[in-house]
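Student: turn this into a structure:
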Amino acid sequence: MYYAGRSGWTARGPGVEPSQLDHAGAGDPRPRGVLAAHNWPDRGRLFLFIIAGISDAVDGYLAKTFGWQTELGAYLDPLADKLLIVSIFLALGVDGKLPLWLVVAVVSRDILIVIAVMLSWVLGNPVRIRPLIVSKANTVAQIVLAGTVLADEGFGLGLAWPRFILVWLTGALTVASLAAYLHSWLLHMSGYESPDARG
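Tutor: Numbers count the residues shown, from 1 in each chain. The predicted structure is shown next:
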């Protein structure tokens, strides 16, 4: 079984407590002050993550309220949000705080979708990407997972099991959303897309 400790994803067997594997456990020779300072980068990431989320929400509200929406912004805004999430997942993956397979799945999904959209333009049959329900659920799961990991790493909240569940939930939704988008893309490219789906 894998334990999501502050030292990364670590295999452990029955009878091995998380505190024995975690840097913040009783056996860690470093002083408490050093351990607290070690967590400051994760706290900084968490605060930046929260600020970015609030900024995005305010930006969206102002754009809708005062009619500041543009066609370019409609493309750039979700792209910026996606880049933020992907960059956080990459950073957490490099630090060993998220499993590598999940980071690869999240990044690969977005790359494949971008390639599919570009290919449709090259073939002269551009497809309009609209958020699907499963895609929205996937985005929510990614945001909740990232926030949970950053909070747990920064403040030592002991969220090993919630993190474990969120990792597998996010992985499942990532695969499901990719399958849904590729299915819609194939229908569009083959000419079987319904008039309603074309918007």
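Student: select the longest helix from this structure.
Tutor: helix 160-190 (DSSP state H).
Student: element containing Lys82, please.
Tutor: Using DSSP states H and E, Lys82 sits in helix 71-94.
Student: what about the helices in this structure?
Tutor: Remark: helices assigned in the chain by DSSP H are 18-21, 32-38, 40-66, 71-94, 100-122, 133-155, 160-190, 195-198.
Student: packed most tightly, which of the ones you listed would that be?
Tutor: With neighbours defined as mean count of other CB atoms under 10 Å, the helices of the chain peak in mean count at helix 133-155, which reaches a mean of 18. C-betas here are computed from N, CA, C, even on glycine.
Student: rounded mean pLDDT for that one, please.
Tutor: Across helix 133-155, pLDDT averages out at 92.
Student: any weak-confidence spans in this structure?
Tutor: Where the chain drops to pLDDT under 70, the residues are 1-42, 52-53, 55-64, 66-78, 192-199.
Student: rerun at 90
Tutor: When residues are selected by pLDDT under 90, those of the chain lie in 1-85, 87-88, 91, 110, 113-114, 116-118, 120-132, 136, 153-156, 183-199.
Student: what's in contact with stretch 116-132?
Tutor: 113, 177, 180-182, 184-185, 188-189, 198-199 (CB atoms under 8 Å, 6 or more residues apart in numbering).
Student: what's the span of it, first residue to last?
Tutor: Using CA to CA, to the nearest Å, the end-to-end distance of stretch 116-132 comes out at 16 Å.
Student: ok, Val107 touching Ser87?
Tutor: No. Using CB atoms under 8 Å, Val107 is not in contact with Ser87; the gap is 10.0 Å.
Student: what's the overlap in contacts for these two?
Tutor: Counting by CB under 8 Å, 6+ apart, Val107 and Ser87 have no contacts in common.
Student: which helices and strands does the longest helix of the chain pack with?
Tutor: strand 2-5, helix 100-122, helix 133-155, helix 195-198 (3 or more CB pairs under 8 Å, 6 or more residues apart in numbering; DSSP states H and E).
Student: closest to Ile50 out of the ones you listed?
Tutor: Closest to Ile50 of these, according to CB to CB: helix 133-155, at 7.8 Å.
Student: what is the closest one packed up against?
Tutor: helix 40-66, helix 71-94, helix 160-190.
Student: can I get that helix in PDB? Just the C-alpha atoms.
Tutor: Provided in PDB are the C-alpha atoms of helix 133-155 (Å, rounded to 0.1, in the frame of the first residue of the first chain):
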ATOM      1  CA  ILE A 133     -20.000  17.400 -17.300                       C
ATOM      2  CA  VAL A 134     -17.200  14.800 -16.700                       C
ATOM      3  CA  SER A 135     -14.600  17.400 -17.700                       C
ATOM      4  CA  LYS A 136     -16.000  19.900 -15.100                       C
ATOM      5  CA  ALA A 137     -16.000  17.200 -12.500                       C
ATOM      6  CA  ASN A 138     -12.400  16.400 -13.400                       C
ATOM      7  CA  THR A 139     -11.300  20.000 -13.100                       C
ATOM      8  CA  VAL A 140     -13.000  20.200  -9.600                       C
ATOM      9  CA  ALA A 141     -11.200  17.000  -8.500                       C
ATOM     10  CA  GLN A 142      -7.800  18.300  -9.700                       C
ATOM     11  CA  ILE A 143      -8.300  21.600  -7.900                       C
ATOM     12  CA  VAL A 144      -9.400  19.900  -4.700                       C
ATOM     13  CA  LEU A 145      -6.500  17.400  -4.800                       C
ATOM     14  CA  ALA A 146      -4.000  20.100  -5.400                       C
ATOM     15  CA  GLY A 147      -5.300  22.200  -2.600                       C
ATOM     16  CA  THR A 148      -5.500  19.200  -0.200                       C
ATOM     17  CA  VAL A 149      -1.900  18.200  -0.900                       C
ATOM     18  CA  LEU A 150      -0.600  21.700  -0.600                       C
ATOM     19  CA  ALA A 151      -2.500  22.200   2.700                       C
ATOM     20  CA  ASP A 152      -1.400  18.900   4.100                       C
ATOM     21  CA  GLU A 153       2.300  19.400   3.100                       C
ATOM     22  CA  GLY A 154       2.300  23.000   4.500                       C
ATOM     23  CA  PHE A 155       0.500  22.400   7.800                       C
END
